[in-house]
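**Student:** quick check, what structure comes out for this input:
(one chain, ligands or ions: 1)
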Amino acid sequence: MSRAVKMTRLGTREKLEARLAELGLSLPIDDEIEEEGPLSHAFDVGGRSVGNRFAVLPMEGWDASPDGRPTDLVKRRWSRFGESGAKLVWGGEAYAVQPEARANPQQLCANPRSAEDLASLRKTLVLAHKAKGDRTEDLLLGLQLTHSGRFSRPHGELLPRTAFRHSVLDRRVGVEDDRAMLTDDELDGLIGDYVRMAKLTEAAGFDFVDVKACHGYLGHELLSARTRSGSYGGDLEGRSRFLLRTIEAVRSEAPALQIGVRLSVFDRHPFIPGEDRLGVPETSSHQPFGASDDGLGLDLAESHQLVEWLAATGVTLVCTTAGSPYYNPHIQRPAFYPPSDGYRLPEDPLVGVVRQIDATAELTKRHQGIKFVGSAYTYLQEWLPNVAQAIIRAGRADSIGLGRMMLSYPELPRDVLTGRGLERPLVCRTFSDCTTAPRNGLVSGCYPIDSFYKRRPEAERLAEIKKGLV
Ligand SMILES: Cc1cc2nc3c(=O)[nH]c(=O)nc-3n(C[C@H](O)[C@H](O)[C@H](O)COP(=O)(O)O)c2cc1C
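**Tutor:** The predicted structure follows:
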């Protein structure tokens, strides 16, 4: 790979286009952001009008209380999501359907006071939106429901619950035999947990739930459980059964809710630091979901089929994403600076951005009955608005999802939509501190840019960790 080039060095259209050409990529880019242009156009989701084309992607903060309840840090994040001006809020963050399903001991999770917690989180977000002078009838708010599966860490240590035996990932999470595998009966029971949480979400006034199927967590891992026997593995029908049954059960028990799915539409083999810490794939006979036979390229055939089934089951929204932050972070969240447990860039992050944009475009064009929210735009930095507008104009996605940029610069959508232009000091430069901090047991937030986190004691500790002093 030729060395990645920093986005700040691609400040003119000519330079960006030359770099894209060098990488063999193409990306639509508008010259000007239009007032009342495509990004400000409302669109319909299951009969609801959503006021513009920006979406807040889910981002957990490892900062809930030990019993899974929102803290002031969680509320601050949700409030900023509300202030952003984005009209679609995808989940806020992953909410575990049972305490044992948490990916960390400070994740929001089902608890005896979930009903009031959800109502208060929703209220926090909606009031913050209103306080900015925005109407709320065109705001669509969903909650992401999850089971962390292989990456469950409900009490700190890994407590993996897997879908099948995976020679590479089992070793990474310390699984040595079949005992970590969830049985079909356990999966049947788990559907009840999703339904219980969905009903509480409905009662709290949310508009949709996301039955999460991404990033290597349980709902995603099942999609590639080719070697699993029984009801929930084998062919694509079997591998999709848990997801589809959960959706059907939620639909019948919480009929006022729309249903979305956040889907890793493609995956890759896990990566490891190789020579000189350069990321290299750790290959195995396992074929990841949405990947070519060798696990190193893309094959969206199964993703298309699954999306067709999702549409037939009444799903109205899909949020596309890819890979996993645990085993191939450069696929999932392209960044110039890898997280502390990552590896040196195996490709220019622009390649990862365009890979997700192109896959989303292919799905959006083919499945007209579903609205698609795309991901992985943050790395585009100053170019984000120009690419976002061109993508919406061309019908290559229905909404532009923003993740890390929401932590450093939550009001980017508002500034773009009101024609104020970008506040450059707030633009996320993908330092990956928001990932490195929680990997080291610290709350997640934007330490390099958000002065609130800069001032916290964790900032000092994070700096020491990054210098290798801890
Ligand atoms: C700190 C952090 C926490 C995240 N938590 C979640 C999560 O709870 N659920 C989820 O689906 N994705 C999660 N993601 C992934 C983001 O939603 C998004 O896919 C990713 O950051 C790429 O989008 P971006 O380029 O706009 O950042 C998280 C990402 C970060 C950086």
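
**Student:** which parts of this protein are strands?
**Tutor:** Here the chain has its strands, by DSSP state E, at 43-45, 48-50, 54-56, 88-96, 140-146, 208-211, 258-266, 271-273, 279-281, 317-322, 371-374, 399-402.

**Student:** so who does the residue of the chain found nearest the ligand touch?
**Tutor:** Nearest to the ligand in the chain, going by C-beta to the nearest ligand atom, is residue 403, at a distance of 2.8 Å. C-beta here means a position set from N, CA and C on the backbone, and glycine is covered the same way. Shown in contact with residue 403 (C-beta atoms under 8 Å, 6 or more residues apart in numbering): 57, 59, 333, 375, 376, 378.

**Student:** surely the second one touches residue 93?
**Tutor:** Yes. A contact is recorded between residue 59 and residue 93 when judged using C-beta atoms under 8 Å, the distance being 5.7 Å.

**Student:** what do these two both touch?
**Tutor:** By C-beta under 8 Å, 6+ apart, residue 59 and residue 93 have these common neighbours: residue 77.

**Student:** neighbour count for the two, which is higher?
**Tutor:** residue 93 (26 against 21; other C-beta atoms under 10 Å).

**Student:** still on that earlier bit, farthest-separated two in the contacts of residue 403?
**Tutor:** 59 and 376 (13.2 Å; C-beta to C-beta).

**Student:** circling back: redo the strands of the chain as CSV? Include mean pLDDT and distance to residue 414.
**Tutor:** As requested, these are arranged in CSV below (pLDDT from 0 to 100; distance: least, C-beta to C-beta, whole Å):
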stretch, mean pLDDT, distance to residue 414
strand 43-45, 98, 18
strand 48-50, 98, 16
strand 54-56, 98, 9
strand 88-96, 94, 14
strand 140-146, 98, 17
strand 208-211, 98, 23
strand 258-266, 98, 23
strand 271-273, 97, 36
strand 279-281, 97, 36
strand 317-322, 98, 21
strand 371-374, 98, 18
strand 399-402, 98, 12
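
**Student:** can you pull the residues of the stretch 101-250 of the chain lying near the ligand?
**Tutor:** Counting by C-beta under 6 Å from any ligand atom, the residues of the stretch 101-250 of the chain lying close to the ligand are 144, 214, 215.

**Student:** can you count the residues close to the second one?
**Tutor:** I take that to be residue 214. 29.

**Student:** again with the last one
**Tutor:** The number of residues packed near residue 215 is 27, by other C-beta under 10 Å.

**Student:** my guess is it meets residue 329, correct?
**Tutor:** No. Residue 215 is beyond contact range of residue 329, at 10.0 Å (criterion: C-beta under 8 Å).

**Student:** now the common contact residues for these two.
**Tutor:** Common neighbours of residue 215 and residue 329 (C-beta under 8 Å, 6+ apart) are residue 323.

**Student:** please report the distance of the residue nearest to residue 340 when sequence neighbours are not counted from residue 81.
**Tutor:** Nearest residue to residue 340, sequence neighbours excluded (C-beta to C-beta, 6 or more residues apart in numbering): residue 436, at 4.3 Å. With distances taken as C-beta to C-beta, to the nearest Å, residue 436 is found 22 Å from residue 81.

**Student:** just the buried positions in the longest helix along the chain, please.
**Tutor:** The single longest helix within the chain, with elements called by DSSP state H, is helix 184-203. Buried residues in helix 184-203, counted by 16 or more other C-beta atoms under 10 Å: 187, 190-191, 193-202.

**Student:** redo these as TSV? Include pLDDT.
**Tutor:** Listed next are these as TSV, based on pLDDT from 0 to 100:
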residue	pLDDT
187	98
190	98
191	98
193	98
194	98
195	98
196	98
197	98
198	98
199	98
200	98
201	98
202	98
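
**Student:** run the chain-centre distance for the longest helix of the chain.
**Tutor:** Relative to the centre of its chain, helix 184-203 is centred 21 Å away, using C-alpha atoms, centre = their mean, to the nearest Å.

**Student:** now swap in stretch 389-409 and tell me
**Tutor:** 13 Å.

**Student:** got it, and stretch 101-114?
**Tutor:** With C-alpha atoms, centre = their mean, you get 18 Å for stretch 101-114.

**Student:** for the record, mean pLDDT for that stretch?
**Tutor:** Mean pLDDT, computed over stretch 101-114, is 97.

**Student:** could you do stretch 419-433 as well?
**Tutor:** Here the average pLDDT along stretch 419-433 is 97.

**Student:** residue 436 and residue 81: which is more packed in?
**Tutor:** Between residue 436 and residue 81, counted using other C-beta under 10 Å, residue 81 has the larger neighbour count: 28 against 21.

**Student:** so who does that one touch?
**Tutor:** Residue 81 sits in contact with 56, 89, 92, 125, 128, 406, 410, where contact means C-beta under 8 Å, 6+ apart.

**Student:** neighbours of the closest residue to it other than its chain neighbours, how many?
**Tutor:** In space, and not counting its chain neighbours, residue 81 is closest to residue 56: 4.6 Å by C-beta to C-beta, 6+ apart. Neighbourhood size, residue 56 [other C-beta under 10 Å]: 30.

**Student:** okay if I get the buried residues of helix 184-203 as JSON lines plus distance to residue 351?
**Tutor:** Compiled in JSON lines, the buried residues of helix 184-203 are given as follows (distance: C-beta to C-beta, whole Å):
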{"residue": "187", "distance to residue 351": "36"}
{"residue": "190", "distance to residue 351": "36"}
{"residue": "191", "distance to residue 351": "38"}
{"residue": "193", "distance to residue 351": "38"}
{"residue": "194", "distance to residue 351": "35"}
{"residue": "195", "distance to residue 351": "40"}
{"residue": "196", "distance to residue 351": "41"}
{"residue": "197", "distance to residue 351": "37"}
{"residue": "198", "distance to residue 351": "37"}
{"residue": "199", "distance to residue 351": "42"}
{"residue": "200", "distance to residue 351": "41"}
{"residue": "201", "distance to residue 351": "37"}
{"residue": "202", "distance to residue 351": "40"}
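
**Student:** rewinding a little: want to throw the residues of the stretch 101-250 of the chain next to the ligand into CSV with distance to residue 321?
**Tutor:** As requested, these are exported to CSV (distance: C-beta to C-beta, whole Å):
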residue, distance to residue 321
144, 11
214, 5
215, 7
